[in-house]
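Chemist: sequence and computational prediction follow.
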Amino acid sequence: MGEKLADLQYQPGFGNYFSSEAIPGALPRDQNSPLVCPLGLYAEQISGTSFTSPRKLNQRSWLYRIKPSVTHEPFKPRVPAHTRLVSEFDASNSRTNPTQLRWRPEDVPDSPTDFVDGLYTVCGAGSSFLRHGYTANKGMKDSAFCNADGDFLFVPQAGRVWIETECGRLLVSPGEIAVIPQGFRFSIDLPDGKSRGYVAEIYGAHFQLPDLGPIGANGLAAPRDFLAPTAWFEEGLRPDYTIVQKFGGELFTAKQDFSPFNVVAWHGNYVPYKYDLHKFCPYNTVLVDHGDPSVNTVLTAPTDKPGVALLDFVIFPPRWLVAEHTFRPPYYHRNCMSEFMGLIYGAYEAKADGFLPGGASLHSCMTPHGPDTTTYEATIARVNAMAPSKLTGTMAFMFESALIPRVCHWALESPFLDHDYYQCWIGLKSHFSRISLDETNVESTDKKTGASE
Ligand SMILES: O=C(O)Cc1cc(O)ccc1O
Ligand SMILES: [Fe+2]
């Protein structure tokens, strides 16, 4: 594994037309599909958008491989069937639940579990948007996974993942994310022996960088910080290799006698990629009021309605808090969008305890939520000492979606479900007084911080 980890090369850029050769000269120069390809390779196109999608949305890549991906035995339903993977959400496997839900981190199992076995669905909607988690303690051996249904956004939380793909390899550490678009075959190994994380799956859309509007041309996630792999291939016989294909929410397997990672060169703009969340350039309040979390959007998967996301991937990274006479933690709110949150490390600003790294919370459409009692009381106790402060050592994130998720039965019955979650708000007491103290507070806050002088 150490040898595998060394010297990984990436190509920077988001949405670029990349090209990469593991052997110089492997890429046809003047056309995509020559009569005979250089080095005797097969040409194969992978289309991530319909052929006729508008040019600015069109995504496809050309792979030049030792054998084409079609060379395998027929697909058969996978045995054993996967019990915790759901994609058609209905009353048989899930229910809606408007209450605030929170889960403690799942344990990584003791029994040998690779990424495919360790992938489980927490919640989702229709057949169009899902959130999964995974826990794994062994690499995928002689097998590759292919999601024919949609794109995977990986958010490892503990333990790195080594992802071999048809375009090359990605090493993804907690604090980084990776996107494996629909249809790419990939295999996951675990350099640290085990890994746990979150996965969002989207159907029918790909991730884009958000528009920056009045922020301007720079800020948030910079295109050059996204890294695509460079061509890498395996050759030779692999007598018992299995392709596991998720297709219509069900798993199928097919045997072949070679590695699917046999692409010697490729070019195109449909690629897996990774991004280090620590490179995010956050924008934030510099005078008053807590801004909406959309300002921290890393990637967005749009719906047809302008500004309405199938999935926004939003982060809450380390940053300075400087707002004056402002309640700095998230405000209390209800949202027509549904919010699934996870914590990669540290503590989240709205929850003093109970929201643990590796855990998750779900505040569905119009379900009220906000800071817990401890956070609220501690914040207003500091009303006269609001010096600039830095949030450090934390990385939380949110999958925010226009769809209303159904929650899988097993997730509602899980021993990791925190039945006392509601208690964190029960202690919020009335501070109501008919005589407002606001004006005096404002004045003393500004004087004490010195920040506005
Ligand atoms: O609910 C949450 O903690 C996420 C969130 C954070 C924030 O700063 C503002 C709104 C919001 O939904
Ligand atoms: Fe929220």
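Modeler: That came through fine. Numbers count the residues shown, from 1 in each chain. Ligands and ions are numbered 1, 2, ... in the order given.
Chemist: contact partners for the closest residue to ligand 1 within the stretch 51-200 of the chain?
Modeler: The minimum distance from the stretch 51-200 of the chain to ligand 1, using Cβ to the nearest ligand atom, falls at Gln100 (10.0 Å). From N, CA and C alone the C-beta is placed, and that goes for glycine too. Shown in contact with Gln100 (Cβ atoms under 8 Å, 6 or more residues apart in numbering): Ser361, Leu362, His363, Thr367, Pro368, His369, Tyr421, Tyr422, Trp425.
Chemist: if you set the cut-off to 6 Å instead, what comes out?
Modeler: His363, Thr367, His369, Tyr421 (Cβ atoms under 6 Å, 6 or more residues apart in numbering).
Chemist: for the stretch 301-450 of the chain, what lies in contact range of ligand 1?
Modeler: Contact residues (Cβ under 6 Å from any ligand atom) of the stretch 301-450 of the chain with ligand 1: Pro330, His333, Asn335, Glu339, Ala350, His369, Met398.
Chemist: get me the contact residues on the stretch 151-300 of the chain for ligand 1.
Modeler: Residues of the stretch 151-300 of the chain lying near ligand 1 (Cβ under 6 Å from any ligand atom): His290, Pro293.
Chemist: hmm, back to that, out of the contacts of Gln100, give me the two with the largest separation.
Modeler: Pairwise distances across these peak at 11.4 Å for Thr367 and Tyr421 (criterion: Cβ to Cβ).
Chemist: check contacts around the spatially most central residue of the chain.
Modeler: In the chain, the residue lying closest to the centroid (Cα atoms, centre = their mean) is Leu153, at 3.8 Å. Residues near Leu153 by Cβ under 6 Å, 6+ apart: Val179, Ala200.
Chemist: three-state assignment of it?
Modeler: Taken by DSSP: H, G, I helix; E, B strand; the rest coil, the conformation at Leu153 corresponds to strand.
Chemist: so what pLDDT did it get?
Modeler: pLDDT recorded at Leu153 is 97.
Chemist: surely Thr379 forms part of a helix?
Modeler: Yes. Thr379: assigned to a helix according to three-state DSSP.
Chemist: immediately after the longest strand along the chain, which helix or strand?
Modeler: Looking across the chain with DSSP state E, the single longest strand is strand 237-247. Using DSSP states H and E, the helix or strand that follows strand 237-247 in sequence is strand 250-258.
Chemist: what number of residues lie near the residue lying closest to Ala402 once chain neighbours are set aside?
Modeler: Nearest non-adjacent residue to Ala402, counting by Cβ to Cβ, 6 or more residues apart in numbering: Val308, 4.9 Å away. Residues near Val308, counting by other Cβ atoms under 10 Å, number 14.
Chemist: mind checking how far Val308 is from Leu170?
Modeler: Val308 is 30 Å from Leu170, where distance means Cβ to Cβ, to the nearest Å.
Chemist: same deal with Ala200?
Modeler: Ala200 is 17 Å from Leu170, by Cβ to Cβ.
Chemist: what's the closest non-adjacent residue to Tyr348?
Modeler: That would be Ala396: by Cβ to Cβ, 6+ apart, it lies 4.4 Å from Tyr348.
Chemist: now do the contacts for the one you found.
Modeler: Contacts of Ala396 by Cβ under 6 Å, 6+ apart are Phe316, Leu343, Tyr348.
Chemist: got a winner among the residues you listed for most neighbours?
Modeler: Going by other Cβ under 10 Å, Tyr348 tops these with 26 neighbours.
Chemist: wait, doesn't that one sit right on Leu356?
Modeler: No. Tyr348 lies out of contact with Leu356 (Cβ atoms under 6 Å); the separation is 9.5 Å.
Chemist: and the residue lying closest to Ala221 once chain neighbours are set aside, how many neighbours does it have?
Modeler: With sequence-adjacent residues excluded and distances taken as Cβ to Cβ, 6+ apart, Ala221 is closest to Val298, at 4.8 Å. Neighbour count of Val298, defined by other Cβ under 10 Å: 22.
Chemist: please, which helix or strand holds Val298?
Modeler: Going by DSSP H and E, Val298 is part of strand 297-302.
Chemist: just the CA atoms of that strand, as CSV, please.
Modeler: Presented in CSV, the C-alpha positions along strand 297-302 are these (Å, rounded to 0.1, in the frame of the first residue of the first chain):
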residue,chain,number,x,y,z
THR,A,297,-21.7,26.1,-0.8
VAL,A,298,-18.9,24.0,-2.2
LEU,A,299,-20.8,22.2,-5.0
THR,A,300,-24.3,22.3,-6.2
ALA,A,301,-26.4,19.9,-8.2
PRO,A,302,-29.2,21.9,-9.7
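Chemist: for the record, mean pLDDT for it?
Modeler: Mean pLDDT, computed over strand 297-302, is 98.
Chemist: ok, stretch 40-52 next?
Modeler: For stretch 40-52, the per-residue pLDDT averages 97.
Chemist: and if you look at stretch 209-217?
Modeler: Mean pLDDT, computed over stretch 209-217, is 97.
Chemist: send the alpha carbons of it over as CSV?
Modeler: What follows is stretch 209-217, C-alpha atoms only, in CSV (Å, rounded to 0.1, in the frame of the first residue of the first chain):
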residue,chain,number,x,y,z
LEU,A,209,-19.6,25.1,-8.8
PRO,A,210,-22.1,27.6,-7.4
ASP,A,211,-22.5,31.0,-9.1
LEU,A,212,-20.7,33.6,-7.1
GLY,A,213,-23.1,36.5,-7.7
PRO,A,214,-22.0,39.7,-6.0
ILE,A,215,-19.1,37.9,-4.3
GLY,A,216,-17.3,38.4,-7.6
ALA,A,217,-15.0,36.2,-9.7
